[in-house]
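Colleague: Okay, here's the prediction I keep looking at, along with the sequence it came from:
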Amino acid sequence: MLQQAHKILEKHFGYSTFRPQQEEVIQNVLNNKDTLVLMPTGGGKSICFQIPALLFDGVAIVISPLISLMKDQVESLRANGIKAAYYNSSLDPVQERIVVQQAIDGDLKLLYVSPERLFKIANSWLKDVKVSMFAIDEAHCVSMWGHDFRPEYAQLSNIRKQYSSVPFIALTATADKTTRKDIVKQLGMRKAVVYISSFNRSNLSLEVRANVPKKKKISEIISFIENRPNQSGIIYCLSRKQTEEIASELKRNHIEAEAYHAGLSADKRARIQEDFITDDLSIITATIAFGMGIDKSNVRWVMHNNLPKNIEGYYQEIGRAGRDGLPSTTRMYYNLRDLMVLKKFATGSEQSPIYTEKLHRMLNYAEASSCRRKILLAYFGEDLKEDCGNCDVCKNPPQFLDGTILAQKALSAVRRTNEEIGVTMLINILRGSSNQEVYSKGYQNIKTYGIGADISFKDWQHYINQLINIGVLEIAYDESFRLKISNFGNEVLFRKRKVKITRAIDRPTKVKKEKRAKKKLTKNEKNFEVLRLLRAKIAKESGMPAYIIFHDSALTEMSVELPVTENEFLAIQGVSQVKLERYGEEFIEAIKEIKDAQMSTFEITYRFYQQGISPEQISEERELNIATIFSHLAKLYFEGKDINLMAYISEEEVNEVRKAYQEINDLSVLKPYFDFFEEKMPYYKIRIALTIIAKELKE
Ligand code: ADP
Ligand code: ZN
């Protein structure tokens, strides 16, 4: 069976090897056992149920919560010649009937169904379908402990009872330990074997930037984008308004971007999403509503404009970058204001304690002074042995300093203002600002006024943030965010305890100018760009997402390998038999053109030569001097190409030049030989003879 699984992987998906865990999972499903798969986004979960589905008799039912995700997966399967369909509220009655008939006739290998539809059909036509297995995607939706609980999922355990003899496989990218156990329980899985892949997405770089003022942030974002021409990216924002603001700032700077949020009409949203996945639009500014359903594998960067609500969400969002495994960038901006807004959100609901706790963990991550990836993975219960080297902390480790005196200054100011001030006022007092609000309250008269004037506003923010995080200061969210001194804070103030904090990192502001210069593309990047445009054209014509045609990783490989035969093309990872048939010709054509354009002038001459065309004719054809053509042939000969120079010169002539060489002793100049022969030997013959001699000497 496994051997067949390998064959399917090659033929239908165009990949030569399984990723870690895939093989084991497939084996387990094929053994008719229940399976829980935890794999990060982009880890390759789909193949874990798609391949068994192809090997089993009957129709595999795939439960998926999102209509767009179903559509995407089904298109992707069909693009590889696999019979698949979906059944959800987006179908009209005629389409519905067709799908039902196909399922009953066994004319499908996979049928994607939304959970609410499943319960409706479970007691009707589904009974007439030979169901081979159930796959439950986004399985964390079944658990209250997850971050995306969906009540429709709760009924899935009934299905487990109803179909007691077919295997169930549940898959998720986001589940902490509690949620994991709950999934198995809620789904009623039997002796489920749990497969946990590493959640490490080492191709994603991680970066967090704190308290960057709005204007500077925009300008940083713009240079970031300008450094990544034509790359797909998403900027996540907390509010609709911000998505609009940033999109229009970008447009003002001649960067195409669209805002995406729930406030737009369904039509408009569909159009934006469509443009994004066909690579017609590179950048989207979005609320977290965006991306849930899309599988776009060539998102090259993800940015957060604000602090996310929890680590699960954050990890899922950044996980939308680099699903194809290529290096991708993530950057998160956050400030205290985000925290305040989110705190307010969190306190509104029933599940408030869970939300607040999750928010705190998020903040800890943002404030981290050790490897960020370690923190993320630890959150998902995974222990990364070594620092990752691909996060901002690893790349630029913070320096610790004794922050006791700084803390005492801040604490003292808070105390002298009767704990009535927030962070901004505190900094204004410490820096001795002549702000009107300071004066109206008479704070310019307290003893700590101006005591920290030597430290910039931004650095104070950095320090106070840390004091809040380590619990020296507390924020009273219910009292207009006033700062309060904790017990720990009192101990610091009265010199019973010391605090260690990290030094504020200065980000050079000069970088901006240098980096703004538009990036030059390398040869491979140019090739990639040609292929990307071809893909975009095909995507547009066929209304198919660009990445379903070929992933970026496949295009990258093509742009380096430049395959021009069918076999070479098939060898590219991600080129299946069907894709070769559908797109091979067009891509190979384009690659040939790339190759031709890159041919050096020598290679072009060589091509003519190989076709038996004489130097004279080549010279005419190429509109180049005959001497130039001979110099090409000489060079090619010297490099070892199969060229018969003796066709243009006689043995005696070569020997004459040989004699001349004894005297002149230089192979690099022609003129002395020309003079030596009193202008009777033409230059081209001298060149040919010298090349032959040089070659002999070399060997
Ligand atoms: P997930 O559902 O876990 O987020 P997908 O199943 O969408 O991930 O797979 C992510 C990407 O990895 C897809 O582009 C898929 O084609 C690719 N992929 C999956 N398995 C393999 C493999 N064995 N070799 C190469 N690429 C793979
Ligand atoms: Zn790191």
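Modeller: Everything's here; your move. A quick note: this is a predicted structure, and the numbers were derived from the prediction, not measured. Residues are numbered from 1 along each chain as shown. Ligands and ions are numbered 1, 2, ... in the order given.

Colleague: which parts of the stretch 251-400 of the chain sit against ligand 1?
Modeller: By the rule C-beta under 6 Å from any ligand atom, the part of the stretch 251-400 of the chain lying against ligand 1 is D295, S297, R323, D324. In this view, the C-beta of every residue, glycine as well, is placed from N, C-alpha and C.

Colleague: Just the helices from the stretch 101-250 of the chain, written as ranges.
Modeller: Per DSSP state H, counting those that start in this stretch, the stretch 101-250 of the chain has helices spanning 115-122, 156-162, 177-187, 214-226, 240-252. These are given in chain order.

Colleague: Show the average pLDDT along stretch 95-114.
Modeller: For stretch 95-114, the per-residue pLDDT values average out at 97.

Colleague: Could I get the CA-only coordinates of that stretch as PDB?
Modeller: Extracted as PDB, the C-alpha positions of stretch 95-114 are listed here (Å, rounded to 0.1, in the frame of the first residue of the first chain):
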ATOM      1  CA  GLN A  95     -25.100  21.900  -8.900                       C
ATOM      2  CA  GLU A  96     -26.200  20.200  -5.700                       C
ATOM      3  CA  ARG A  97     -27.900  17.500  -7.600                       C
ATOM      4  CA  ILE A  98     -24.900  16.900  -9.800                       C
ATOM      5  CA  VAL A  99     -22.600  16.500  -6.800                       C
ATOM      6  CA  VAL A 100     -25.100  14.200  -5.000                       C
ATOM      7  CA  GLN A 101     -25.300  12.000  -8.000                       C
ATOM      8  CA  GLN A 102     -21.500  11.900  -8.400                       C
ATOM      9  CA  ALA A 103     -21.200  10.900  -4.800                       C
ATOM     10  CA  ILE A 104     -23.800   8.200  -5.000                       C
ATOM     11  CA  ASP A 105     -22.300   6.800  -8.200                       C
ATOM     12  CA  GLY A 106     -18.900   6.700  -6.600                       C
ATOM     13  CA  ASP A 107     -17.600   9.100  -9.200                       C
ATOM     14  CA  LEU A 108     -15.700  11.100  -6.600                       C
ATOM     15  CA  LYS A 109     -12.700  10.300  -4.500                       C
ATOM     16  CA  LEU A 110     -13.200  13.300  -2.100                       C
ATOM     17  CA  LEU A 111     -16.300  15.200  -1.100                       C
ATOM     18  CA  TYR A 112     -15.800  18.300   1.000                       C
ATOM     19  CA  VAL A 113     -18.800  19.100   3.200                       C
ATOM     20  CA  SER A 114     -19.500  21.900   5.600                       C
END
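
Colleague: do it and ligand 1 meet?
Modeller: No - under the criterion of C-beta under 6 Å from any ligand atom, stretch 95-114 makes no contact with ligand 1; the nearest approach is 13.1 Å.

Colleague: Can you get me a residue count around S297?
Modeller: 25 (other C-beta atoms under 10 Å).

Colleague: next one: D383
Modeller: Count around D383 with other C-beta under 10 Å applied: 7.

Colleague: circling back to that earlier point, out of the residues of the stretch 251-400 of the chain next to ligand 1, the closest to ligand 2 would be?
Modeller: Within those, the smallest distance to ligand 2 is 20.8 Å, found for R323 (C-beta to the ion).

Colleague: dump the residue contacts of the closest one.
Modeller: Taking C-beta atoms under 8 Å, 6 or more residues apart in numbering, we find R323 in contact with T41, G42, D295, K296, S297, N298, V299.

Colleague: Now for those: which two are most distant?
Modeller: Taking C-beta to C-beta, the two most distant members of these are T41 and N298; they sit 14.0 Å apart.

Colleague: since we're on Q273, how many residues are nearby?
Modeller: Each residue near Q273 was counted by other C-beta under 10 Å, and the total is 22.

Colleague: how about the strand or helix carrying it: buried residues?
Modeller: Following DSSP states H and E, the helix or strand that holds Q273 is helix 266-277. By neighbour count with 16 or more other C-beta atoms under 10 Å, helix 266-277 contains the buried residues R269, I272, Q273, D275, F276, I277.

Colleague: got a pLDDT number for N200?
Modeller: The predicted local confidence for N200 comes out at a pLDDT of 88.

Colleague: Now it, what are its backbone angles?
Modeller: With angles defined as degrees, to the nearest 10, N200 shows backbone torsions of phi -70, psi 120.

Colleague: sorry, back to before: what does the helix holding Q273 rub up against?
Modeller: Outside of helix 266-277, the residues within contact range by C-beta under 8 Å, 6+ apart are 68, 72, 232, 258, 260, 264, 280-282, 284, 290, 294, 296, 539, 543, 545-547.

Colleague: Going through those residues, which ones are buried?
Modeller: The neighbour-count criterion (16+ other C-beta under 10 Å) marks 68, 72, 232, 258, 260, 264, 281-282, 284, 290, 294, 296, 539, 545-547 among the contacts of helix 266-277 as buried.

Colleague: S46: what's it in contact with?
Modeller: Under the criterion of C-beta under 8 Å, 6+ apart, the contact list for S46 reads Q73.

Colleague: quick one: it from R687, how far?
Modeller: Going from S46 to R687 by C-beta to C-beta, to the nearest Å gives 62 Å.

Colleague: same question, L66
Modeller: With the distance defined as C-beta to C-beta, L66 ends up 70 Å from R687.

Colleague: got it, and S16?
Modeller: From S16 over to R687 the distance is 49 Å, taken as C-beta to C-beta.

Colleague: Between those two, which has more neighbouring residues?
Modeller: R687 (22 against 10).

Colleague: could you say which helix or strand contains the more buried one?
Modeller: Short version, using DSSP H and E: R687 is in helix 683-698.

Colleague: do Q461 as well
Modeller: helix 457-469.

Colleague: Contacts for that helix next, please.
Modeller: Counting by C-beta under 8 Å, 6+ apart, the neighbours of helix 457-469 from elsewhere in the structure are 210-211, 213, 335-336, 363-364, 367, 403, 406-407, 410, 423, 426-427, 430-431, 452, 455, 473-475, 483, 489, 499, 501-502, 504.

Colleague: go with 7 Å
Modeller: Among residues not part of helix 457-469, those counted as contacts by C-beta atoms under 7 Å, 6 or more residues apart in numbering are 210-211, 336, 363, 367, 403, 406-407, 410, 423, 426-427, 430-431, 452, 473, 475, 501-502, 504.

Colleague: and it, C-alpha only, in PDB?
Modeller: This file holds the C-alpha atoms of helix 457-469, laid out as PDB (Å, rounded to 0.1, in the frame of the first residue of the first chain):
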ATOM      1  CA  PHE A 457      10.500  59.400  25.200                       C
ATOM      2  CA  LYS A 458      10.800  56.200  23.200                       C
ATOM      3  CA  ASP A 459      13.400  54.700  25.500                       C
ATOM      4  CA  TRP A 460      11.200  55.500  28.500                       C
ATOM      5  CA  GLN A 461       8.400  53.700  26.800                       C
ATOM      6  CA  HIS A 462      10.600  50.700  26.400                       C
ATOM      7  CA  TYR A 463      11.600  50.800  30.100                       C
ATOM      8  CA  ILE A 464       8.100  51.400  31.500                       C
ATOM      9  CA  ASN A 465       6.700  48.600  29.300                       C
ATOM     10  CA  GLN A 466       9.100  46.300  30.800                       C
ATOM     11  CA  LEU A 467       8.300  47.500  34.300                       C
ATOM     12  CA  ILE A 468       4.700  46.700  33.600                       C
ATOM     13  CA  ASN A 469       5.500  43.300  32.200                       C
END
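
Colleague: In TSV, list the contacts of R323 along with pLDDT and secondary structure.
Modeller: Written out in TSV, the entries for the contacts of R323 read as follows (pLDDT from 0 to 100; DSSP: H, G, I helix; E, B strand; the rest coil):
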residue	pLDDT	secondary structure
T41	79	coil
G42	79	coil
D295	72	coil
K296	84	coil
S297	84	coil
N298	88	coil
V299	93	strand
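
Colleague: Please identify, among the residues you listed, the one with the most neighbours.
Modeller: Each of the contacts of R323 was scored by neighbours using other C-beta under 10 Å; the highest score is V299's, at 28 neighbours.
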